[in-house]
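>>> mind folding the following:
(one chain, ligands or ions: 1)
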Amino acid sequence: MRRFQHLIGGQFEDGAESFASINPATGAAWALMPRAGAADVDRAVTAAHRALNDQAWRGLTATQRGKLLYRLADLVAENAQALAELETADTGKIIRETSAQIAYVAEYYRYFAGLADKLQGAHLPIDKPGMDVWLRREPIGVVAAVVPWNSQLFLSAVKLGPALAAGCTVVLKASEDGPAPLLEFARLVQQAGFPPGVVNVITGFGPDCGQVLTSHPLVARIAFTGGPGTARHVMRNAAENLAHVTLELGGKSPVVVFEDADLGSTANAVVAGIFAATGQSCVAGSRLIVQHAIKDALLAALKAKAEAIVIGAPQERATEMGPLATQRQRNHIEKVVTESLSAGARLVTGGSAPQGMQGFYYRPTILDCSGTEAQAISTELFGPVLAVLGFETEDDAVRLANATPYGLAAGVFTRNLARAHRLTRDIRAGVVWINTYRAVSPMAPFGGFGLSGSGREGGLESVLDYTRAKTVWLRTSDDPIPDPFVMR
Ligand code: NAD
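Got it, this is the predicted structure:
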C-alpha cells in the first residue's frame, strides 16, 4: 500500500499513528495515511509560529512572497494530472472533474500571487495638530486551515493563497477522508521553496487533530470549511484562543425555474447543479422550485437526462457520475430517501444503488416532494438527490427558496430581466446565479448566509481578512512634551 506523510517544519514525517484510506470505487483500502495526534499538531503549530517570526519568511518582500506563490501555481499546473489521479483514487470523484478543477486551482494561486504586493496600508486624516497617523497591514499570524474531504486542493487554495500573500504561516489540516492529494501537494510546497514551517500539512480526525489545532493558543486565525455541526465545535474551540474565524458551511440551495425559462438550457444546468460530483458539492442545487406550468415538461427532461448519466469507475474518462465518498454517506442518503418516500414524495427516478456495482454508488435520484414535509426538502444530503417543489406565483417561489436556515447559493432561471433583479434582491443566499449555475472564480467572493457560514473566500477583500490593522501615531512637533501636572 502507498504511504503518505505529514509535512511539519519542512520535514516529511509519519504521524503518531496511521490509518488506511479506502478507495470508494472498490471499498478496499489502498493507502496508509499518517494520523496526527495532539503532539504532532502542537509541533506543526509551533513550527508555523517560529516561521512567522523568522527572517527567512518575515524578511521577504511582498513581491518575493508573490513569486513563491507563482512558482507554486506553476507546480500545481504541471502536476495537475497526477494530483487529479490521487484525488480520484482517494475520494471517488471522477477524473474528468478532478483534472479540470485542479488545473483551475493553479489560477487561484496565480490570482493571490498577484495580490501579494498590492496590499496597502493607509495614511489617515486626524483631528489632532502635529500628529501623523497611519495604518499598517500586518499578517494576522498562524492560520489553522481545516478542509472537508471534497475538493481539498480547491478549498485549501482559497485559504492558503490569501494567507501566504498576506505573510501568514499555515497549518493545513486535510480531511481524514481522502487526504492523499493534499499530502502530495505538500511536496510541491517544498519544491516551490517556501521556508520550513511556513506551510505545514497534516491530517487526522476531528477530536484528536482538528480540535487540538483550532483551540491551539498560538493560532490567530481559523479558516474552516465543513458542515454546520462541526462548525459549532470549531466556534467553541476558538473560544479558547479567541482566533478570528471564517466558516464556509453546507447548503440546501434552491434552483428557481419560471415558466418563461429556456427548458433545454435549464435542464442541463439543473442536472449539472445536482449530479456533478455525485451531488457532493456545497453548492449542489438540491431543491428544484419550478413553476407549475412547466413542471411536468421539466421533470420529463430531467428524468431522461438523469437516466442517461453514465455511472462507472471514476478513473474512466467516459464516466459521468462516480460513487459517493464513503459508506456512511450512502447510508445517510438511503435513510432520508426512504423516509421521504414514506412521507409522500413521488419517485421520479433513481432511489437506489445501481445493481451489481461494488463501491458506494447511488443512482441519480429525483423526488417530487410537492405538498409534503419530506426530509429531502430540508436535510443537506451531499449526494445525487434532487427534491422538487412546485409553485404558482413569484411570492411563493421566494418563500419556498428562503424556507431554509442555510443560505449558500441559489439559481434563478427566467428571461424576465426585472423579475431576475427582484429575485436577486429577495433570495437569501451568498451567491445568486441568474440563468447559470455553479460558476466560480478567484475574483468573485464566495460564502454563505445563516447556517451556510460567515466570511468570504476569493476576491480582493479575502486577503485583508488574513491581515491585522496596526495604527501608528507619530508626533511631528520638535517641541518638548509639556509636563501634564504643571498648570498653564
Ligand atoms: P465535516 O464538517 O465533517 O469535516 C470538515 C473538517 O473538520 C474535517 O477535516 C474534519 O476532520 C474536521 N473536524 C471534525 N471535527 C472537528 C472538530 N471538533 N474541530 C475541528 N475540526 C474538526 O465535513 P465533511 O463531511 O468532510 O464535508 C461535508 C460538509 O462540508 C458539507 O456540509 C458541505 O456542504 C461542506 N462544504 C462546504 C463548502 C463551502 O465552501 N461552503 C465546500 C465544501 C464542503
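
>>> can you get me a residue count around the residue in the stretch 251-400 of the chain that the ligand sits nearest to?
For the stretch 251-400 of the chain, the residue closest to the ligand is C282, as judged by CB to the nearest ligand atom, at 3.0 Å. C-beta here means a position set from N, CA and C on the backbone, and glycine is covered the same way. Residues near C282, counting by other CB atoms under 10 Å, number 26.

>>> going forward, begin numbering at 39 instead of 1
All set: I'll call the first residue 39, so the last point we hit is now C320.

>>> got the contact list for the residue most central in space within the chain?
Closest residue to the average C-alpha location of the chain: L193 at 4.2 Å, with CA atoms, centre = their mean. L193 sits next to 185-186, 263, 286 when contact means CB atoms under 8 Å, 6 or more residues apart in numbering.

>>> quick one: residues contacting T252.
Taking CB under 8 Å, 6+ apart, one finds 182, 184, 260, 262, 272, 275-276, 279, 281 in contact with T252.

>>> which residue is the nearest non-sequential neighbour of it?
Leaving aside its sequence neighbours, T252 sits nearest to N275 (CB to CB, 6 or more residues apart in numbering; 4.0 Å).

>>> looking at this, the one you found is in a helix?
Yes. Under DSSP: H, G, I helix; E, B strand; the rest coil, N275 sits within a helix.

>>> right, and it touches S253 too?
Yes. With contact defined as CB atoms under 8 Å, N275 reaches S253; the gap is 3.9 Å.

>>> how much space is there between the closest residue in space to V239 that isn't next to it in sequence and A441?
Once flanking residues are discounted, V239 sits nearest to A224: 3.9 Å by CB to CB, 6+ apart. Going from A224 to A441 by CB to CB, to the nearest Å gives 43 Å.

>>> higher neighbour count, those two?
The neighbour comparison of A224 against A441 (other CB under 10 Å) goes to A224, with 21 against 14.

>>> next SSE after whichever strand or helix holds that one?
A224 belongs to helix 218-230 when assigned by DSSP states H and E. Downstream of helix 218-230, the next assigned helix or strand under DSSP H and E is strand 237-241.

>>> ok, now which ones touch the closest residue to E286 other than its chain neighbours?
Excluding the flanking residues, the one nearest E286 by CB to CB, 6+ apart is T263, at 4.2 Å. Neighbour list for T263: 184-186, 193, 197, 285-287, 320 [criterion: CB under 8 Å, 6+ apart].

>>> what about the residues you listed, which are in strands?
Those of the contacts of T263 mapping onto strands are 184, 285-286, per DSSP state E.

>>> give me the subset of those that also touch the ligand.
Among the ones in strands among the contacts of T263, the residues that sit close to the ligand (CB under 6 Å from any ligand atom) are 184, 286.

>>> ok, and the most crowded of the ones in strands among the contacts of T263?
When these are compared by neighbour count (other CB under 10 Å), E286 ends up highest, at 27 neighbours.

>>> hang on, isn't that residue packed against E495?
Yes. Using CB under 8 Å, E286 makes contact with E495 at a distance of 6.2 Å.

>>> overlap in contacts, these two.
Residues within reach of E286 and of E495 at once, by CB under 8 Å, 6+ apart, are 484-485.

>>> thinking again about what came up before, for the residue nearest to T252, which residues are in contact?
N275 neighbours (CB under 8 Å, 6+ apart): 249, 252-253, 260.

>>> who's in contact with V181?
The neighbourhood of V181, defined by CB under 8 Å, 6+ apart, consists of 86, 197, 201, 206-209, 257-261, 504.

>>> I'd like these written out as CSV, with pLDDT added.
Shown next, in CSV, are those (pLDDT from 0 to 100):
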residue, pLDDT
A86, 98
K197, 98
A201, 98
C206, 98
T207, 99
V208, 99
V209, 98
V257, 98
A258, 98
R259, 98
I260, 98
A261, 98
Y504, 98
